[in-house]
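S.K.: the following comprises the amino acid sequence and a computationally predicted model.
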Amino acid sequence: MRHLIDILDFSPEELQELMDTANDIIADPAKYSEVCRGKKLATLFFEPSTRTRLSFEAAMIELGGSVLGFSEAQSSSAAKGESVADTAKVISCYADIIAMRHPKEGAPLVAAANASVPVINAGDGGHNHPTQTLADLLTIYREKGRLDHMTIGLCGDLKFGRTVHSLITAMSRYEGLQFVLISPEELKLPSYVKKEVLRAKGIPYAQTTDLEGAMPELDILYMTRVQRERFFNEEDYLRLKDSYILTPDKLKNAKSDLSILHPLPRVNEISVAIDDDPRACYFKQVLYGKYMRMALILKLLKEAGSL
Ligand code: CP
């Protein structure tokens, strides 16, 4: 049984296959509108979400399938103490595929070990968010026409930002990339990502607190929110939350073909005045996320023998 728990579960060739499918869906959505007729997706969200849960649900509906699930732990039997393992066994009796978000790192992996249907990690704590990475990859690919030979700036909460961890891991397999890690000292990229991904693969990277100083060399700027829900105290969050606010003035030295991404939700990190700048890609990124999730559902259901 194939699952998507970590972005490395898929080879670069498989990621390309997903992007090709997504592009084909974009070109001819009618061709795919009945392919999952009779199939059910369960969305098990133990943490809040707008984009990931609803884009999974929209994806399955646009494939002709149905959806069931819950959007908070308190409305499930987790509130009565049911384990993730038992939940996965139970939901396997009702659905053909599961998308799970959970505050505990590794929970979707436990679900995958116990489910008899494919499980997709829709975000586990501060760890990984591989389907956001699918959206990010398609956005970069469509904007730049490639996934290699570029300088990628990642800005904000690089410590708790799970989308950053998954994106760096995914991009580490392409040639000619370098990363600029822009964050406050307290929110630097975890050492394990630097050691196991960047240094292990000899990928050049720089760490800085200076967004404007880094701006001129960037091809991609990936802004992130300071992850309030992962902080141990509110005081630290309040001190750090507005560390970076991207305004039109801060883009004056940016490349004319810079692509600005953000996994969203944004709080203050990008001024709404940027939204109409042709370099702003974050709402396209949302839409591409739905198409990549459609491609992912198709791939996992086919490999499970359900389609
Ligand atoms: N990008 C993302 O994961 O958004 P949601 O938390 O709204 O799902």
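M.R.: Great, that's in hand.
S.K.: surely Arg173 touches Pro12?
M.R.: Yes: contact criterion Cβ atoms under 8 Å: Arg173 and Pro12 qualify, at 5.1 Å. In short, each C-beta sits where N, CA and C put it, glycine included.
S.K.: count the neighbours of the closest residue to the ligand within the stretch 201-307 of the chain for me.
M.R.: Nearest residue of the stretch 201-307 of the chain to the ligand, counting by Cβ to the nearest ligand atom: Pro263, 3.9 Å away. Pro263: 27 surrounding residues under other Cβ atoms under 10 Å.
S.K.: now do Ala58
M.R.: Count around Ala58 with other Cβ under 10 Å applied: 15.
S.K.: tell me which helix or strand it sits in.
M.R.: In this assignment (DSSP states H and E), Ala58 forms part of helix 51-62.
S.K.: for Thr52, which non-adjacent residue is spatially closest?
M.R.: Using Cβ to Cβ, 6 or more residues apart in numbering and skipping residues adjacent in sequence, the residue nearest Thr52 is Ala122, 4.9 Å away.
S.K.: wait, I meant Val286
M.R.: Nearest to Val286 is Arg51, by Cβ to Cβ, 6+ apart, at 5.8 Å.
S.K.: now do the contacts for the residue in the stretch 51-200 of the chain that the ligand sits nearest to.
M.R.: With Cβ to the nearest ligand atom, the shortest gap between the stretch 51-200 of the chain and the ligand falls at Thr52, namely 3.2 Å. The contact partners of Thr52, by Cβ atoms under 8 Å, 6 or more residues apart in numbering, come to Phe45, Ala99, Arg101, Ala122, Gly123, His129, Thr131, Gln132, Gly289.
S.K.: report the helix or strand with the lowest average pLDDT across the chain.
M.R.: When each helix and strand of the chain is scored by mean pLDDT, DSSP states H and E, helix 234-240 comes last, with a mean of 88.
S.K.: please save the CA atoms from that helix in PDB.
M.R.: Only the C-alpha atoms of helix 234-240 are listed here, as PDB (Å, rounded to 0.1, in the frame of the first residue of the first chain):
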ATOM      1  CA  GLU A 234       2.400  34.000  24.100                       C
ATOM      2  CA  GLU A 235       5.100  36.600  25.000                       C
ATOM      3  CA  ASP A 236       7.600  35.100  22.600                       C
ATOM      4  CA  TYR A 237       5.000  34.900  19.900                       C
ATOM      5  CA  LEU A 238       4.000  38.500  20.300                       C
ATOM      6  CA  ARG A 239       7.700  39.600  20.200                       C
ATOM      7  CA  LEU A 240       8.400  37.600  17.000                       C
END
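S.K.: go ahead and name everything in contact with whatever helix or strand comes next after that helix.
M.R.: Later in the chain than helix 234-240, the nearest helix or strand by DSSP H and E is strand 259-261. The contact list for strand 259-261, computed with Cβ under 8 Å, 6+ apart, reads 136, 139-140, 143-144, 219-223, 246, 270, 274, 277, 279-282, 285.
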